[in-house]
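Trainee: how would this look folded up:
(one chain, ligands or ions: 3)
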Amino acid sequence: MERLHVQTPGKSYDVVLEEGLRHRLSDYIESTYSKILIITDENVAELYLEDVRKALGKRGHVYEAVIPAGEASKSFRRYEELLDHCVEAKLDRNSLILALGGGMVGDLAGFVAASYLRGIAFIQVPTSILAHDSSVGGKVAINHSKGKNLIGAFHHPEKVLYDTETTDSLPEKEKRSGYGEVVKHALLSDEGWFREVMNRTIKDLDTEEVKKDLIQGIRLKARIVGKDEKERGIRKHLNLGHTLGHAIESELHYGSITHGEAVVIGTLFALRLSNLDEPFALLMEWAKDNGYPLGIMEELEERNLVDRMKVDKKAQNDQIHYCLLSEIGSPFVTEVEEEELLQSLQQFKSEVIQ
Ligand SMILES: NC(=O)c1ccc[n+]([C@@H]2O[C@H](COP(=O)([O-])OP(=O)(O)OC[C@H]3O[C@@H](n4cnc5c(N)ncnc54)[C@H](O)[C@@H]3O)[C@@H](O)[C@H]2O)c1
Ligand SMILES: O=C(O)C(=O)C[C@@H](O)[C@H](O)[C@H](O)COP(=O)(O)O
Ligand SMILES: [Zn+2]
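Mentor: Ligands and ions are numbered 1, 2, ... in the order given. Got it, this is the predicted structure:
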């Protein structure tokens, strides 16, 4: 068992990582909540809802809402449906939402919790590798057709209860996606970790290595969020790879590429803009060897991607602000001119589509 802590001016909470924790959820969830609404998706429900149901069995007033799996569910439609669930179940200000699933479930359920009755408690029960990032830090949101996570809030969970056993059942594509955020965290952190990650093979991940990566990522994230809860400064570093990544996801209408895959492509581009040739070449080789869909860049127009970047949350007055690295472990945010982006994207496309 590993217990990490997030401490911000607004909220203080634990992140507990433990194998098989889903069976012991009751030990970690106070019995004072009036009602609990479990929000999950169809895939996760099939695998883990019964375990969670049993674990909460002795509690009265447990409700369930199961939504379709996939990024397309981070939508106004599903958000509204979930609010209907809250109203019908008569959740009150002493009720709890339990987000059981990956980052899509966590972001959506968290936004429901942030807005229903102007905010009720929620607990993150992450089940994907990627969710080591999404479950910590309090960013909750749904997507808009024009841009990722454009409608959301900062609303921290009461705690994060991570059953590390659940990541074993992830399909390879989703492990690949999760490692997009691991690569990002490693690049923000230090050269040694980055090189270790470049030695990992997605289809042959070792449980202990994954656990180590999750813990290091959460530690880094907790430290950054603790210093800058609302993304006024250094939290923008956590957006490494996301300016292009989010543009790709929204340009492809959410779902044909995973978040983490898009982040890896965006991170490669950020390394190119940072003129870090050796890490760029290393990441490129690793991404190709591990099946990241770099060829998708062929379908995307530079002009459209740059227009999408202008709705990024870091943009100001139509100027695009980018997180780059002066070296591994040393991120900074800077404005990048549109013309430079268009030219670099054109060159980048020819490099990745080979
Ligand atoms: N809030 C944040 O700080 C933050 C950070 C990073 C990413 N995100 C968001 O997170 C989302 C991506 O998260 P994700 O990749 O977990 O997506 P996801 O929740 O859509 O899960 C990916 C897929 O894996 C399935 N799945 C989840 N757990 C499983 C398990 N244990 N076994 C088998 N299948 C499982 C899901 O059903 C889904 O099909 C994006 O919407 C992204 O924007 C948010
Ligand atoms: O927690 C953060 O801060 C992050 O930037 C983490 C990202 O991995 C995550 O995808 C986040 O949702 C992107 O930030 P956003 O503010 O553009 O939604
Ligand atoms: Zn992300």
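
Trainee: make it CA atoms for all contacts and neighbour counts henceforth
Mentor: Noted.

Trainee: For residue 77, see how far away the residue nearest the centre of the chain is.
Mentor: Closest residue to the average C-alpha location of the chain: residue 134 at 3.5 Å, with C-alpha atoms, centre = their mean. Distance, residue 134 to residue 77, by C-alpha to C-alpha, to the nearest Å: 21 Å.

Trainee: next one: residue 250
Mentor: Distance from residue 250 to residue 77, by C-alpha to C-alpha: 17 Å.

Trainee: These two: which is more packed in?
Mentor: Taking other C-alpha atoms under 10 Å, residue 250 and residue 77 do not tie; residue 250 has more neighbours (19 against 10).

Trainee: For the more buried one, list the residues it contacts.
Mentor: By C-alpha atoms under 8 Å, 6 or more residues apart in numbering, residue 250 lies in contact with 145-148, 308.

Trainee: circling back to that earlier point, per-residue pLDDT of the residue nearest to the centre of the chain, please?
Mentor: Listed pLDDT for residue 134 reads 98.

Trainee: try the one 10 residues further on
Mentor: Confidence at residue 144, expressed as pLDDT, is 96.

Trainee: What count of nearby residues applies to it?
Mentor: 16.

Trainee: for residue 210, same thing?
Mentor: For residue 210, using other C-alpha under 10 Å, the count is 19.

Trainee: Kindly report the residues of the stretch 251-354 of the chain close to ligand 2.
Mentor: Contacts of the stretch 251-354 of the chain with ligand 2, taken as C-alpha under 6 Å from any ligand atom, map to residue 313.

Trainee: so how far is ligand 1 from the residue nearest to residue 44 when sequence neighbours are not counted?
Mentor: Using C-alpha to C-alpha, 6 or more residues apart in numbering and skipping residues adjacent in sequence, the residue nearest residue 44 is residue 101, 6.1 Å away. According to C-alpha to the nearest ligand atom, to the nearest Å, residue 101 and ligand 1 sit 5 Å apart.

Trainee: Touching, residue 101 and residue 129? I think so.
Mentor: No. Judged on C-alpha atoms under 8 Å, residue 101 makes no contact with residue 129 at a distance of 10.4 Å.

Trainee: got any residues that touch both of these two?
Mentor: By C-alpha under 8 Å, 6+ apart, no residue touches both residue 101 and residue 129.

Trainee: Now do the strands in the stretch 251-354 of the chain.
Mentor: Under the criterion DSSP state E, counting those that start in this stretch, strands of the stretch 251-354 of the chain are mapped to 320-327, 330-336.

Trainee: which of those strands sits most buried?
Mentor: Between the strands of the stretch 251-354 of the chain, strand 320-327 has the highest mean count of neighbours, a mean of 21, where neighbours are mean count of other C-alpha atoms under 10 Å.

Trainee: Give me the angle between that one and strand 330-336.
Mentor: Put simply, strand 320-327 runs at 150 degrees to strand 330-336, going by axes from the mean of the first three to the mean of the last three C-alpha atoms, to 10 degrees.

Trainee: and strand 320-327, average pLDDT?
Mentor: Mean pLDDT, computed over strand 320-327, is 97.

Trainee: The closest residue to residue 243 other than its chain neighbours: neighbouring residues, count only.
Mentor: Closest residue to residue 243 apart from its sequence neighbours, by C-alpha to C-alpha, 6+ apart: residue 309 at 6.0 Å. Neighbours of residue 309 under the rule other C-alpha under 10 Å: 26.

Trainee: Could you double-check that residue 309 sits in contact with residue 245?
Mentor: No. The criterion here is C-alpha under 8 Å, and residue 309 misses it with residue 245 at 9.4 Å.

Trainee: Would you tell me which residues of the stretch 101-250 of the chain are close to ligand 1?
Mentor: So far as C-alpha under 6 Å from any ligand atom goes, the stretch 101-250 of the chain lies against ligand 1 at 101-105, 107, 127-128, 130-131, 133-134, 139-140, 166-167, 169-170, 174, 177.
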